[in-house]
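Peer 1: Could you work out the structure for the sequence below:
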Amino acid sequence: MEIFWDALLDACIDTAIVIPILYLAYLIVGYFSHNDNEKYAKILHHTKKAGPLVGAFLGCVPQCGFSSVMSKLYSDKVVTLGTLIAVFIATSDEAIPLMLSKPEFIPKLLLLLAFKVVYAIVIGYAIDIIIHLFNRRKKQIQNEYHQPHHHEHGHCCAKNIFLDALKHTLVITAWVFVATLAINLVIGYAGLDSLQLVFTENIYVQILLAALIGLIPNCGASVFLVELYMAGVLNFAALVAGLSAGAGVGLIVLFTTNRKKIWQNLMIMGLLLLLSIIVGIFTSFFNFV
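Peer 2: You can find the predicted model right below:
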């Protein structure tokens, strides 16, 4: 029982430290993105050739809103598949505020973002070029991009950015607490070696498992992966793979708004998984901890 109370106390302390950082981060995000879904749509609509570049940087915003908006824009044929994939890969969900809350992990956070953004841009343009080559005779994609579309605002924005930031903070705080408590209990009762045994020391198995976890369309997945990394269980390359596969609720929105093309959605999800595993393997060659 002592192990449980120690794990609970540590989880409460670790979670309490994160709360002010989370709230400040979401308040800043809310200030810049409040009711700006239409603005993002216009930016990407008028900068089609720069779509993967713009999308990769906007995808870094630590919030589920942009990946969900991008899924809606893709189903409306406003943005390209390359732009959608670039946003999905660049999305790090809750990794940014969580790693910012612990200064010793900030250098690794910057490295993580650099890997993901560069990779997202390269892959995004590669996909668009390949699609363009296959469709250059029909020019179907190019014509569709010039059609006017009406866009709905995403569901993540509230009228009050302070309440919106508080809502996101409370939700993520709950996930942080649950993930931290679960990890503490496993380490306490079974030992750190047992948790490491589940993920094994094989970096390739870690990358595969992390990428599969990252596909779970929930912020809890990114929280779990980051907590495992900060606990020393997960390798940096596996973290990159997992967070590259994580698109927040973007996949749910994609399957909802693009529901008439289920096989296309499954192909996109499979492509995202494959690309995440590839970037994880590539990152592993640099031997980051």
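Peer 1: need the helices for the stretch 1-150 of the chain, in chain order.
Peer 2: 2-33, 37-46, 51-58, 65-75, 81-90, 95-100, 106-135, 140-145 (DSSP state H, counting those that start in this stretch).
Peer 1: Surely V253 and L73 touch.
Peer 2: No. Using C-beta atoms under 8 Å, V253 is not in contact with L73; the gap is 10.2 Å. Backbone N, C-alpha and C define where each C-beta goes, glycine included.
Peer 1: wait, which of the helices of the stretch 1-150 of the chain is closest to S276?
Peer 2: Smallest distance to S276 across the helices of the stretch 1-150 of the chain (C-beta to C-beta): 7.3 Å, for helix 81-90.
Peer 1: which secondary structure elements does the closest one contact?
Peer 2: helix 51-58, helix 65-75, helix 106-135, helix 250-257, helix 262-284 (3 or more C-beta pairs under 8 Å, 6 or more residues apart in numbering; DSSP states H and E).
Peer 1: which residues touch that helix?
Peer 2: Applying C-beta atoms under 8 Å, 6 or more residues apart in numbering, the external contacts of helix 81-90 come out as 44, 51-60, 66-67, 70-71, 74, 116-117, 119-121, 123-129, 131, 244, 247, 250-251, 254, 268, 271-272, 275-276, 279.
Peer 1: 6 Å - rerun?
Peer 2: Applying C-beta atoms under 6 Å, 6 or more residues apart in numbering, the contact partners of helix 81-90 are 51-52, 55-56, 59-60, 67, 70, 74, 116-117, 120, 124, 127-128, 244, 247, 250, 272.
Peer 1: hmm, which helix or strand of this structure has the shakiest average pLDDT?
Peer 2: Using mean pLDDT, DSSP states H and E, helix 140-145 stands out as the lowest-scoring helix or strand of the chain, at a mean of 49.
Peer 1: on that earlier part again, so which of the helices and strands packed on helix 81-90 is the most surrounded?
Peer 2: With neighbours defined as mean count of other C-beta atoms under 10 Å, the helices and strands packed on helix 81-90 peak in mean count at helix 65-75, which reaches a mean of 26.
Peer 1: Does that helix pack against any helices or strands, and if so which?
Peer 2: With contacts defined as 3 or more C-beta pairs under 6 Å, 6 or more residues apart in numbering; DSSP states H and E, helix 65-75 has these neighbours: helix 81-90, helix 250-257.
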